[in-house]
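Participant: this one's structure only:
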């Protein structure tokens, strides 16, 4: 049986573990806080050095843990030797923030324009220095159940920040999970993989599509003002890139479950509204 260890127990990890179990993997999750454990998953505390080291030496690995405040990867800092000796598939989930402006693909030289992007690139280097077999997944903005822009809209906030000409890049969490598990099962070894639905649509246009379909309040446009947003939002809006892939749907064949962001957002909103109406 294939054995997969997922580092981190956040949003993406929940869907990765579900997909891995469905595909017949034995799944372990390494986390600092073991809360609400799921059935059929082995949980290990991050500080349980002996057992964690064993897993990180012998299992396939997907790391969802972001870099720390200094840009260092906590996994490499504590378990770098285990990572170095692992001969199985290892995927590190990075972010497209390592790129600069314009159209980018896996051959584009990283040029981060924010501190977050610089930290991500430093973490990538940490993994690369320990094991050359690592696959770096540069992931666009993750959305899915309970994490999408219509959540706050349903709760009464129908303001939408709009920056002229700005394009968002996204991936549904279920597509990200399916891509990662398929990548391991099919024994792919691409070093860099851009994970994005590659569907160019403005956030406002997608939200307006949903509100029109469901006859909700019209979204209120709030023009982007860098002086009035958080630092995190500023790093999001200040760089305008279009993320393409020369791996996915080229030599790595994958049919997106959610290729159309506005339609996926519509379905997510419908489901959320049904739950809200029942409560």
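Facilitator: It's in. The shown structure was predicted, so the numbers you read here are calculated from the model rather than taken from an experiment.
Participant: Tell me where the chain has strands.
Facilitator: Ranges of strands in the chain, per DSSP state E, are 3-7, 26-31, 41-45, 60-63, 90-95, 102-104, 135-139, 141-143, 159-162, 170-172, 192-195, 220-223, 241-243.
Participant: which residues are contacting the last one?
Facilitator: For strand 241-243, contacts defined as CB atoms under 8 Å, 6 or more residues apart in numbering pick out 96, 99-105, 138, 140, 167, 169, 194, 196, 198, 200. Bear in mind the C-beta positions are built from the backbone N, C-alpha and C, glycine included.
Participant: now the strands of the chain in a markdown table, with mean neighbour count, distance to residue 206 and mean pLDDT?
Facilitator: Listed next are the strands of the chain as a markdown table, based on neighbours: other CB atoms under 10 Å; distance: least, CB to CB, whole Å; pLDDT from 0 to 100:
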| stretch | mean neighbour count | distance to residue 206 | mean pLDDT |
| --- | --- | --- | --- |
| strand 3-7 | 25 | 30 | 98 |
| strand 26-31 | 21 | 32 | 97 |
| strand 41-45 | 16 | 33 | 96 |
| strand 60-63 | 25 | 28 | 98 |
| strand 90-95 | 24 | 21 | 98 |
| strand 102-104 | 15 | 20 | 95 |
| strand 135-139 | 23 | 19 | 98 |
| strand 141-143 | 20 | 10 | 95 |
| strand 159-162 | 16 | 10 | 89 |
| strand 170-172 | 25 | 9 | 97 |
| strand 192-195 | 23 | 19 | 98 |
| strand 220-223 | 11 | 14 | 90 |
| strand 241-243 | 21 | 16 | 94 |
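Participant: Of all those strands, which one is nearest residue 208?
Facilitator: strand 159-162 (8.4 Å; CB to CB).
Participant: quick check, distance from that closest one to the centre of its chain.
Facilitator: Distance, stretch centre to chain centre, for strand 159-162: 23 Å (CA atoms, centre = their mean, to the nearest Å).
Participant: and if you look at stretch 231-248?
Facilitator: Distance, stretch centre to chain centre, for stretch 231-248: 13 Å (CA atoms, centre = their mean).
Participant: now stretch 76-86
Facilitator: With CA atoms, centre = their mean, you get 22 Å for stretch 76-86.
Participant: as a whole number, average confidence for that stretch?
Facilitator: Average pLDDT, stretch 76-86: 96.
Participant: and what of stretch 250-259?
Facilitator: Mean pLDDT, computed over stretch 250-259, is 96.
Participant: Would you mind listing the buried residues in it?
Facilitator: In terms of neighbour count (16 or more other CB atoms under 10 Å), stretch 250-259 has its buried residues at 252, 254, 256, 258.
Participant: and what of stretch 15-35?
Facilitator: Buried residues in stretch 15-35 (16+ other CB under 10 Å): 15-21, 25, 27-31.
Participant: what residues does it touch?
Facilitator: Under CB under 8 Å, 6+ apart, the answer for stretch 15-35 is 1-9, 13, 38, 40-47, 52, 55-56, 59-60, 62, 64, 144, 173-174, 176-178, 180-181, 185.
Participant: any chance of the buried residues of stretch 15-35 in TSV, plus distance to residue 223?
Facilitator: What follows is those, written out as TSV (distance: CB to CB, whole Å):
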residue	distance to residue 223
15	34
16	37
17	41
18	40
19	39
20	43
21	45
25	47
27	45
28	47
29	42
30	44
31	41
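Participant: wait, which of those residues is closest to residue 111?
Facilitator: Proximity of those to residue 111 (CB to CB) peaks at residue 16, which lies at 28.7 Å.
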